[in-house]
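S.K.: this is a predicted model, with the sequence first.
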Amino acid sequence: MKGEYKTKSRNIIVEYLRENADKRFTAKDIVDELSKGSEPVNRSTIYRNLERLCQEGRLVKFKETDVNASCYQYSEQHECCNSHIHAQCSCCNKIFHLKNDIFKNVNKKIQAEYGIEIDYGKTVIIGLCNDCKGLR
Ligand SMILES: [Zn+2]
Ligand SMILES: [Zn+2]
């Protein structure tokens, strides 16, 4: 029965994230939302599943500039969000999924010069997107 509960909770979480794929959440937002539903999911299950979805690359975890917490955004069309760099607009917070080949040489140079290898899945570049540039 335990396995069944696990799968069910995961489905509720994924379903919720999928329905709100255009939004960003903190873990707390998700906990608040899912603990008051008709089938409440407990907090530790939510946290565990968020971590797992990040590892699977279906969820992007990033730092919101004005919130002091990690945020999450669901990403179905980009199944490998744990293996590429993201860029985030500092104005509208939109997430961009960047191609790795852009960074091949940069990564090599950084490694040669500083001895550090970029962790693509954990790297978020902050910038200003075209839409927001147009508004200014
Ligand atoms: Zn991505
Ligand atoms: Zn923007």
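M.R.: That came through fine. Ligands and ions are numbered 1, 2, ... in the order given.
S.K.: only C-alpha atoms from now on, for both contacts and neighbour counts.
M.R.: Noted.
S.K.: for the nearest residue to Ala21 once chain neighbours are set aside, phi and psi?
M.R.: Nearest residue to Ala21, sequence neighbours excluded (C-alpha to C-alpha, 6 or more residues apart in numbering): Tyr74, at 5.1 Å. Backbone torsions for Tyr74, taken as degrees, to the nearest 10, come to phi -80, psi 150.
S.K.: if I pick Tyr74, what's in contact with it?
M.R.: By C-alpha atoms under 8 Å, 6 or more residues apart in numbering, the residues touching Tyr74 are Leu17, Arg18, Asn20, Ala21, Asp22, Arg24, Arg58, Leu59, Val60.
S.K.: tell me the contacts of whatever residue of the chain ends up closest to ligand 1?
M.R.: Closest residue of the chain to ligand 1, C-alpha to the ion: Cys81 (3.6 Å). Counting by C-alpha under 8 Å, 6+ apart, Cys81 touches Cys54, Glu56, Gly57, Arg58, Leu59, Val60, Ser75, His97, Gly121.
S.K.: domain assignment for the protein?
M.R.: With domains defined by automatic domain parsing, the chain comprises 1-79, 83-136.
S.K.: of the ones you listed, which shows the lowest average pLDDT?
M.R.: Here the lowest mean pLDDT among these goes to domain 1-79, at a mean of 84.
S.K.: how much space separates Glu76 from Ser35?
M.R.: From Glu76 across to Ser35, the span is 24 Å (C-alpha to C-alpha, to the nearest Å).
S.K.: before we move on, back to that, pick the most buried one from the domains of the chain.
M.R.: domain 1-79 (a mean of 16; mean count of other C-alpha atoms under 10 Å).
S.K.: report whether that domain contacts ligand 2.
M.R.: No - Domain 1-79 stays clear of ligand 2 (C-alpha under 5 Å from the ion), getting no nearer than 12.8 Å.
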